[in-house]
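Enquirer: Turn this into a model:
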Amino acid sequence: MVDTIVKETEEKMKKTLEVLRKEFVTIRAGSANQSMLDKIMVDYYGTPTPINQVANISVPEPRMLVIQPWEKTMIQPVEKAIMKSDLGINPVNDGSVVRLVIPQLTADRRTEIVRTVKKKAEEARVSVRNIRRDMNEEIKKMEKDKTVSEDESKKGQEKIQKLTDKYIKDIDDVLSKKEKEITEV
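Expert: Predicted coordinates:
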């Protein structure tokens with residue numbers, strides 16, 4: 001019983017780390033990356049559709065993305081979606097493709113992005129701690145209901161604490177890697 005809770009705890013913590021990694025991938029660090037566009041939805045005949053499902057996205061240069069819609073009529077909606085997004089990049093439309101030139105990050109912008117990244121990492125840490133608290137409460141409840149012994153309860157809580165420490169360290173590692181990527185000129 002306690003082992004199932006420990007497994008469930010690890011699954012939830014793993015998901016938290018994955019979500020953080022995915023969020024970090026979409027945060028630009030001065031170089032072009034296709035996943036920067038992952039959150040952008042294009043109006044495809046009245047249906048919000050991910051940009052990568054209506055166009056081919058390529059990275060011809062380290063600081064440029066080229067978006068080539070599969071239908072010529074989609075150039076305007078793609079351009080509009082990028083302008084409305086929080087990317088902060090103006091698209092250049094030449095009639096057949098949309099180009100995004102990623103500007104060099106200023107020192108202020110780098111500092112701002114690092115602050116955002118740290119905030120997201122802290123949210124992930126809080127999430128991991130909340131998972132620990134919830135799962136420990138479940139184990140304590142089982143102990144109170146006499147479905148598990150006091151020893152099993154203690155062992156389960158120790159395992160959950162070890163998982164918490166491991167995932168918080170993983171979050172810190174992912175954060176320092178992203179920080180380094182952002183501050184690199």
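
Enquirer: farthest residue from the center of the chain?
Expert: residue 146 (40.5 Å; Cα atoms, centre = their mean).

Enquirer: Now do the domain split for the chain, please.
Expert: Following automatic domain parsing, the chain resolves into domains at 2-26+106-183, 34-101.

Enquirer: Output those in JSON lines, with mean pLDDT appended to each entry.
Expert: Shown next, in JSON lines, are the domains of the chain (pLDDT from 0 to 100):
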{"stretch": "domain 2-26+106-183", "mean pLDDT": "92"}
{"stretch": "domain 34-101", "mean pLDDT": "86"}
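
Enquirer: what's around residue 96, how many residues?
Expert: Close neighbours of residue 96, defined as other Cβ atoms under 10 Å, add up to 9. Any C-beta I mention is one placed from the backbone N, CA and C, and that applies to glycine too.

Enquirer: what residues are up against it?
Expert: 68, 72, 75 (Cβ atoms under 8 Å, 6 or more residues apart in numbering).

Enquirer: What subset of the residues you listed is buried?
Expert: The neighbour-count test (16 or more other Cβ atoms under 10 Å) marks residue 75 as buried among the contacts of residue 96.

Enquirer: which of the contacts of residue 96 lies closest to residue 154?
Expert: residue 68 (59.6 Å; Cβ to Cβ).

Enquirer: my read is residue 57 is in a helix, agree?
Expert: No. According to DSSP: H, G, I helix; E, B strand; the rest coil, residue 57 belongs to no helix; its state is strand.
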